[in-house]
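Q: task: produce atomic coordinates for the following.
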Amino acid sequence: MPIGGFIVNTLPQDCAAVVTVLEQMPGVEIHATDLDGNIVAVIDSQTTDSMEACVKDMEELEQVLSVSAAYLHAEDEVEKIERGELIPSNPFGKSKRNKAKLV
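A: Numbers count the residues shown, from 1 in each chain. Below is the predicted model of the structure:
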């Protein structure tokens, strides 16, 4: 179960409204805010894909200026990949490196 810490940046006057919206998002907990419009949010999700979707939802909020990852812990997901229970998607598509023959 991936857990990530994120800094959500807003204008100071929009901070309270953004916190209200973020608190309604599944798996999101707000841990702190400051007078500069920074919000410390933790996302606890089932997969990294669902975490990425949550971050995209945050970024699409009109008052959100940016969302930055502070930390990510996905040890359980790595263990599932190692056991073959989970096959991660490749957001970069096919790699050119795979097509080229290395000498």
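Q: pLDDT on the strand of greatest length in the chain, on average?
A: When the chain is parsed with DSSP state E, its longest strand is strand 64-73. If you average the pLDDT over strand 64-73, you get 93.
Q: could you list the low-pLDDT ranges of this structure?
A: Along the chain, the parts satisfying pLDDT under 70 run over 75, 77-78, 86, 88-103.
Q: could you pull out the strands in it for me?
A: 3-10, 28-33, 38-44, 64-73.
Q: Serialize these to CSV and add fields for distance to D57.
A: Where you see a C-beta, it was placed from the backbone N, CA and C, and this is true even at glycine. Below are these laid out as CSV (distance: least, Cβ to Cβ, whole Å):
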stretch, distance to D57
strand 3-10, 11
strand 28-33, 9
strand 38-44, 10
strand 64-73, 10
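Q: nearest to C54 among these would be which one?
A: strand 38-44 (5.3 Å; Cβ to Cβ).
Q: give the contact list for the nearest residue to S50 once chain neighbours are set aside.
A: Excluding the flanking residues, the one nearest S50 by Cβ to Cβ, 6 or more residues apart in numbering is G27, at 7.7 Å. For G27, the contact set (Cβ atoms under 8 Å, 6 or more residues apart in numbering) comprises I43, D44, S45, S50, C54.
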